[in-house]
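1. My questions are about this predicted structure, shown below with the sequence.
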Amino acid sequence: MFIVYKRQNGIDYARVCVSRWKNGTSRQQTVHNLGRVIDRERSIYKNRERGIFTYDLASDSFGIPEDDFVLNGANISRKEKLIVNFGDAWFIDQFIKKEGLDPIIQPIDCDNPDSLFSMILYYVLESAGNSHAQDWYENSYARFLYPRADLASQRVSELLQQIGSEENWRRFFKAYILWLDHLGIDYRRIIIDSTGLPNSIHFPLTAVSSHNGKISNEVRLIFVVEEEIGLPVFMRYVQGSIIDISTLVQTLRELEKYAVEPDLALVDAGYYSEKNVNYLKDNGVEFVCRVQSNRITYKKAIEENRPLLERPENLVQYNNRLLYIKKSYAEISSKYKGWIYVCKDIAREAIEEDKLLNRNDLGQLSKEEIYDELAVDGIFVMVSTNELSKEEILPVYYTRQEVEQTFDVAKNDASLLPLRIQSEENLRGHLLLVFIATAIRKLIEKTLNDPSTKGMPKKGRKLNTGSLLQNLGYQHAKVFADEIIPQEANSKANLGYRVFGIESPLSISLGNPSGKKNREL
């Protein structure tokens, strides 16, 4: 084999060829198209398939260029960008270091760590699909922070497969739980909930799900978050057809393997069953849960407490709602007793009565059937193994909304959807990036929402994570031959820098893209 070079439009291209004899004539046949020649002496090339790579003719093998080649300023993007988006990538990179997140990311094993860190930034900052990652990278300061990254679609797919190994999954969560311990996050009070991830591509985990009356092809994602701010603690996934009620015990058993032993679990009605109640209590986990209307516990609670529910002593105000709440102590399984709260939401009752009146089959219902439906309009039942007052039960239960907000962050801001996954390894890799990005955004949100945050003026308290990162993205930087000059940040970006104790550098040497020991603005 031999390498053939060809110059076209002032650019050298190369291909690996062999000679073949045909009809008595020697002809060249291409074995590898190496693409553009970046450094002929060091055998460095670039093409669409492999990105930047080295090729050794003697062994017919491909590799990755040495660090010094890239750090000396060799950038061979399709078109050199003289101005890049700076503030958002700089901020997130500094935030990761400041929060000590490096040690939980570094155990994730992959061939190109620069691609891993770049994709984490991409998942935090962008909600577009992975097919747009390379375009983002070429226009972002991330390409100087992580110059060896290759975010072409095929390389990203390979990265997801690598980081999505079961070994990486376990390494990450082990390191992450240790980090939560170090940070002092109390994950003994947890919220568990699930969400569907629609996936039109068929693979074994995609299945037909009927959840809350909605039918879809999906994978089911289970999130465990801590109670205070909804910071994710753990996640797992199951086939879309598996119902919530059968996933609680296995979720808790997996948590045990990472030394997570909760004291309190807040769960939705879909998790309430005799088996789950007994497992939680047997393992010392107190819980608060709503009860589905088809459960015996619900029916008995309504039968026993409905006649005495609407009394003055049971009237409770919660936010802008008025409810009647009747509390009693009764069996919640054949093995345990707990506190049962029969609640009637007055506003909800009116809404459900209107729905009844507008039903097409209203005329076909008997008076007894209408009476039975009216009798339970606005009524729901909750169970707690700890005694809570009638005024406490709703605020405690609705802490569950933290997990809904975490799902919103993951879906709308951290690239969780749309899901276009064809293998379990790629799914795990994708979810791992989503989890890290969601944790980073929730940590930023925690600081912005903290009333004790230093340096946050009153008018700045409306600054949220999305607004902060958007304004940081408006801060650009100019790229010169030997250094990068960040431009001035606007007031909201400067406020963010001040709140988080991160400084925007005056200039950055191309040999020191992380900005260590640089002069600061």
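-> Sure, I can see it.

2. got a list of what the residue nearest to Y318 when sequence neighbours are not counted touches?
-> Using Cβ to Cβ, 6 or more residues apart in numbering and skipping residues adjacent in sequence, the residue nearest Y318 is L394, 4.6 Å away. Yep, even glycine has a C-beta here, placed from its N, CA and C like the rest. Counting by Cβ atoms under 8 Å, 6 or more residues apart in numbering, L394 makes contact with V316, Y318, L323, I325, C343.

3. Check W339 too.
-> Contacts of W339 (Cβ under 8 Å, 6+ apart): K327, S328, Y329, V383, S384, T385, N386, E387, L388.

4. List only buried entries from the residues you listed.
-> The neighbour count (16 or more other Cβ atoms under 10 Å) marks K327, V383, S384, T385, L388 as buried among the contacts of W339.

5. which pair in the residues you listed spans the largest distance?
-> Using Cβ to Cβ, these span at most 13.6 Å, a distance reached by K327 and T385.

6. Give me the distance between the closest residue to P65 other than its chain neighbours and E66.
-> In this structure, P65 finds its nearest non-sequential neighbour in I44, 5.2 Å apart by Cβ to Cβ, 6+ apart. Look at I44 and E66: by Cβ to Cβ, to the nearest Å, they are 9 Å apart.

7. Could you do E352 as well?
-> From E352 to E66 the distance is 69 Å (Cβ to Cβ).

8. Tell me which of the two has more neighbours.
-> Neighbours were counted for E352 and for E66 using other Cβ atoms under 10 Å; E352 has more, 17 against 12.

9. Now the more buried one: which helix or strand?
-> In the assignment (DSSP states H and E), E352 maps to helix 346-357.

10. quick one: average confidence on the next helix or strand after that helix?
-> The C-terminal neighbour of helix 346-357 among helices and strands, as given by DSSP H and E, is helix 367-376. For helix 367-376, the mean per-residue pLDDT is 84.

11. now the following helix or strand past helix 367-376 and helix 346-357, what's the angle there?
-> Tracing the chain past helix 367-376, the next element assigned as helix or strand by DSSP H and E is strand 379-384. With axes from the mean of the first three to the mean of the last three Cα atoms, to 10 degrees defining the directions, strand 379-384 sits at 140 degrees from helix 346-357.

12. who touches strand 379-384?
-> Counting by Cβ under 8 Å, 6+ apart, 272, 286-291, 293, 297-298, 301-302, 306, 309, 332, 338-345, 349, 393, 396-397 sit against strand 379-384.

13. Filter those down to just the ones in strands.
-> If you go by DSSP state E, the contacts of strand 379-384 have 286-291, 338-345 in strands.

14. Which among those count as buried?
-> 287-291, 338-345.

15. quick one: V37 and D12 touch, right?
-> Yes: counting by Cβ atoms under 8 Å, V37 does reach D12; the two are 4.0 Å apart.

16. Pick out whichever of those two has more residues nearby.
-> V37 (18 against 13).

17. What average pLDDT does the longest strand seen in the chain get?
-> Criterion DSSP E: the longest strand present in the chain is strand 25-39. On average, the pLDDT along strand 25-39 is 84.

18. about what we covered before: out of the contacts of L394, which one sits closest to A89?
-> Y318 (43.1 Å).

19. State the distance from the closest one to Q405.
-> 19 Å.

20. residues contacting V396?
-> V396 neighbours (Cβ under 8 Å, 6+ apart): L266, V288, S384, L388.

21. Tell me the confidence at the last one?
-> pLDDT, the model's per-residue confidence, is 95 for L388.

22. What of the second one?
-> In the prediction, the pLDDT value recorded for V288 is 95.

23. quick one: the residue lying closest to it once chain neighbours are set aside from V267, how far?
-> Closest residue to V288 apart from its sequence neighbours, by Cβ to Cβ, 6+ apart: S384 at 4.7 Å. S384 sits 11 Å away from V267, going by Cβ to Cβ.

24. Overlap in contacts, the two.
-> With Cβ under 8 Å, 6+ apart as the test, S384 and V267 both reach F287, V288, C289.

25. what about the nearest residue to the first one once chain neighbours are set aside, distance to S293?
-> Distance criterion Cβ to Cβ, 6+ apart; nearest residue to F287, sequence neighbours excluded, is A265 at 4.6 Å. Distance, A265 to S293, by Cβ to Cβ: 22 Å.

26. out of the two, which sits in the more crowded spot?
-> Of the pair A265 and S293, A265 is the one with more neighbours under other Cβ under 10 Å, namely 24 against 13.

27. okay if I get the contacts of V396 as a markdown table plus distance to V376?
-> Formatted as a markdown table, those follow (distance: Cβ to Cβ, whole Å):
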| residue | distance to V376 |
| --- | --- |
| L266 | 24 |
| V288 | 21 |
| S384 | 21 |
| L388 | 23 |
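
28. where does the protein dip in pLDDT?
-> Low-confidence segments of the chain (pLDDT under 70): 24, 48, 67-81, 200, 210-214, 418-419, 453-462, 511-521.

29. Roughly how far does the residue nearest to V288 sit from R188?
-> From S384 to R188 the distance is 17 Å (Cβ to Cβ).

30. Only the buried residues of stretch 107-123, if you could.
-> Of the residues in stretch 107-123, those buried (16+ other Cβ under 10 Å) are 108, 110, 112, 114-123.

31. Out of the residues you listed, which sit inside helices?
-> In helices, defined here by DSSP state H, the members of the buried residues of stretch 107-123 are D114, S115, L116, F117, S118, M119, I120, L121, Y122, Y123.

32. Quick one: those as a markdown table, columns for distance to P147 too.
-> Converted to a markdown table, those look like this (distance: Cβ to Cβ, whole Å):
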| residue | distance to P147 |
| --- | --- |
| D114 | 7 |
| S115 | 11 |
| L116 | 14 |
| F117 | 11 |
| S118 | 10 |
| M119 | 15 |
| I120 | 16 |
| L121 | 14 |
| Y122 | 15 |
| Y123 | 19 |
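
33. Sort out which one of these lies nearest G184 for me.
-> I120 (23.4 Å).

34. State the helix or strand in which the nearest residue to the closest one once chain neighbours are set aside lies.
-> Distances taken as Cβ to Cβ, 6+ apart put I436 closest to I120, at 5.5 Å, once the chain neighbours are dropped. In this assignment (DSSP H and E), I436 forms part of helix 424-449.

35. what does S415 give?
-> Using DSSP H and E, no helix or strand contains S415.

36. ok, it - contacts?
-> Contacts of S415 by Cβ under 8 Å, 6+ apart are Y122, Y123, E126, S127, A128, G129, N130, L433, V434, A437.

37. Out of these, the closest to E488 would be?
-> Looking across the contacts of S415 and measuring by Cβ to Cβ, the closest to E488 is E126, at 23.8 Å.

38. tell me the contacts of that closest one?
-> E126 neighbours (Cβ under 8 Å, 6+ apart): H132, A133, W136, S415.

39. Filter the residues you listed down to the buried ones, PyMOL style.
-> To isolate in PyMOL the members of those that are buried, counting by 16+ other Cβ under 10 Å, one can use:
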select buried, resi 133+136+415
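
40. Of the contacts of E126, which belong to helices?
-> Filtering the contacts of E126 for helices - DSSP H - leaves A133, W136.

41. Counting by contacts, list what the helix holding E352 packs against.
-> Contacts defined by 3 or more Cβ pairs under 8 Å, 6 or more residues apart in numbering; DSSP states H and E place helix 346-357 against strand 321-331, helix 367-376.
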